[in-house]
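Q: Take a look and give me a structure for this.
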Amino acid sequence: ALPFRNDLEGIFDSIVCDPPYGIRAGGRKSGGREKTRGNYIPPDMKDGHIPSTGTYELSECLLDLLDLSAKLLKLGGRLVYFFPSANGIVLGDYLPTHPSLEVEHSSEQGLTCLWSRKLVTMRKCSPWDAEKARIHRQECLSEGAKLKQCDNLQDMVFKVLDSDEGALAASANRGKYRGKRV
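A: Alright, predicted model coming up:
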């Protein structure tokens, strides 16, 4: 469910955000446990109720962001967001797409020796169509889709680093890895 009324469309000129992608800590979303979805919560229990959560994959987060933006932006409106990336890896092929949005600009900001992020600007180029959005989402979340590979962004980074001789030497000097490198 959207945090807005379902009948709203084309109300914003721009949306600017820095979504939590779960790179440092796993992304979570409410309503994650199948067994508890749709269960009735009595009104007197709602104040103290803590909803269950489930894994929120990066690909799913990006698709939700793009679909909500495509619906709520006016035609010609802009979505500006940060996209996690890794230094030395060209992720242009992994930037998410949407039938109603087109990439207008992307620039990279280095954060650490391993991580960077792209500031992506997308423009709404056609009206939002629920059926096109649904079909596109299914394609993007199917097995083997490029966007699904973003769910393993850390693995991609370390695979590239470990295949590089300089990175191998550097990793040998770092000692045993016991957690996420950020």
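
Q: Output the contacting helices and strands for the longest helix along the chain.
A: When the chain is parsed with DSSP state H, its longest helix is helix 58-72. Secondary-structure packing of helix 58-72 (3 or more Cβ pairs under 8 Å, 6 or more residues apart in numbering; DSSP states H and E): strand 12-17, strand 73-86, strand 101-110, strand 115-124, helix 130-140. From N, CA and C alone the C-beta is placed, and that goes for glycine too.

Q: tell me the angle it makes with strand 12-17.
A: 160 degrees (axes from the mean of the first three to the mean of the last three Cα atoms, to 10 degrees).

Q: got the helices and strands packed on helix 58-72 as TSV, with mean neighbour count, distance to Gly48 and mean pLDDT columns?
A: Putting the helices and strands packed on helix 58-72 into TSV (neighbours: other Cβ atoms under 10 Å; distance: least, Cβ to Cβ, whole Å; pLDDT from 0 to 100) gives the following:
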stretch	mean neighbour count	distance to Gly48	mean pLDDT
strand 12-17	13	30	96
strand 73-86	19	34	91
strand 101-110	13	40	90
strand 115-124	19	37	90
helix 130-140	14	35	94
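
Q: could those be laid out in TSV, adding distance to Leu66?
A: What follows is the helices and strands packed on helix 58-72, written out as TSV (distance: least, Cβ to Cβ, whole Å):
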stretch	distance to Leu66
strand 12-17	10
strand 73-86	7
strand 101-110	6
strand 115-124	8
helix 130-140	9
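
Q: for the chain, which spans come out with low pLDDT?
A: Along the chain, the model assigns pLDDT under 70 to residues 1-4, 21-28, 30-39, 88-93, 153-182.

Q: picking up where we left off before, out of the helices and strands packed on helix 58-72, the one nearest Asp44 is which?
A: strand 12-17 (35.5 Å; Cβ to Cβ).
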